[in-house]
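Undergrad: Next comes the sequence, and after it the predicted model I'd like to discuss.
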Amino acid sequence: QSALTQPASVSGSPGQSITISCTGTSSDVGGYNYVSWFQQHPGKAPKLMIHDVSNRPSGVSNRFSGSKSGNTASLTISGLQAEDEADYYCSSYTRSSACVFGTGTKVTVL
Amino acid sequence: QITLKESGPTLVKPTQTLTLTCTFSGFLLSTSGVGVGWIRQPPGKALEWLALIYWNDDKRYSPSLKRRLTVTKDTSKNQVVLTMTNMDPVDTATYYCVHDISGWYYLFDYWGQGTLVSVSS
């Protein structure tokens, strides 16, 4: 099972919007609506930001949104803020009943 | 309030077996739809899913590590134990325990703080 592919880094200025992609195959991202996104600050445990492609858990800012097209899922952060600077990971359920994570994306707020 | 905490050795030698315990509170692993799993992260690298056990004793393993992993639960103690055999320096990582509310498709809504395990002779 290969890791899902994410860009190594994405950057944006405060107030801008950025989008992080997560590309898999029809055996994972493309085959199921079970994609999650996690935010991880340095030295901290990851935090669930989006589940089931586009659902936000209670307490997560509505500046975070998720979507999917074909084999690629996306996380969009609108109104970028300094506190959004972190690593972001996607994950997906797979056809072999396993879980696979993405390669991770470092978000920098310029 | 759901909490999870990992415990176990911080240092193991190559070829040894690692045993990690996740002690949790705020939920019951006997409740339908609930699972507890393990995820690791080597220093400076990405997350990697390892294993998970559901309330009905359904056990799932990473295909690439399946031969080395065993996950068990003790509902009376609110604990889940992960064993990984034949440890190697590449297994050096922070190991996280997670709560899964999905029932079967991996929705990790709560995470432990993680425990760093180093593998070295």
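TA: Done, it's in.
Undergrad: So what sits opposite the residue nearest the centre of chain B in the bridge?
TA: Most central in chain B under C-alpha atoms, centre = their mean is B:Trp38, positioned 2.6 Å from the mean C-alpha point. Under the criterion DSSP bridges, B:Trp38 forms beta bridges with B:Ala51, B:Cys97.
Undergrad: Next up, the contacts around it.
TA: B:Trp38 makes contact with B:20, B:22, B:49-52, B:71, B:82, B:95-98 under the criterion C-beta atoms under 8 Å, 6 or more residues apart in numbering or on different chains. For every residue, glycine as well, the C-beta is placed using N, CA and C.
Undergrad: 6 Å instead?
TA: B:Trp38 is in contact with B:50-51, B:82, counting by C-beta atoms under 6 Å, 6 or more residues apart in numbering or on different chains.
Undergrad: pLDDT wise, what is the residue located most distally from the centre of chain A at?
TA: Most distant residue from the mean C-alpha position of chain A: A:Ser96, 21.5 Å away (C-alpha atoms, centre = their mean). pLDDT recorded at A:Ser96 is 95.
Undergrad: Excluding sequence neighbours, find me the nearest residue to it.
TA: Excluding the flanking residues, the one nearest A:Ser96 by C-beta to C-beta, 6 or more residues apart in numbering or on different chains is B:Pro63, at 6.0 Å.
Undergrad: Equivalent analysis for B:Leu50, please.
TA: Closest to B:Leu50 by C-beta to C-beta, 6+ apart is B:Trp38, at 4.3 Å.
Undergrad: Relative to A:Phe38, how far out is that neighbour?
TA: 15 Å (C-beta to C-beta, to the nearest Å).
Undergrad: didn't A:Tyr88 look like it was pressed against A:Thr105?
TA: Yes. Contact status for A:Tyr88 versus A:Thr105: in contact at 4.9 Å, counting by C-beta atoms under 6 Å.
Undergrad: Which neighbours do the two have in common?
TA: Both A:Tyr88 and A:Thr105 are contacted by A:Ile20, under the criterion C-beta under 6 Å, 6+ apart.
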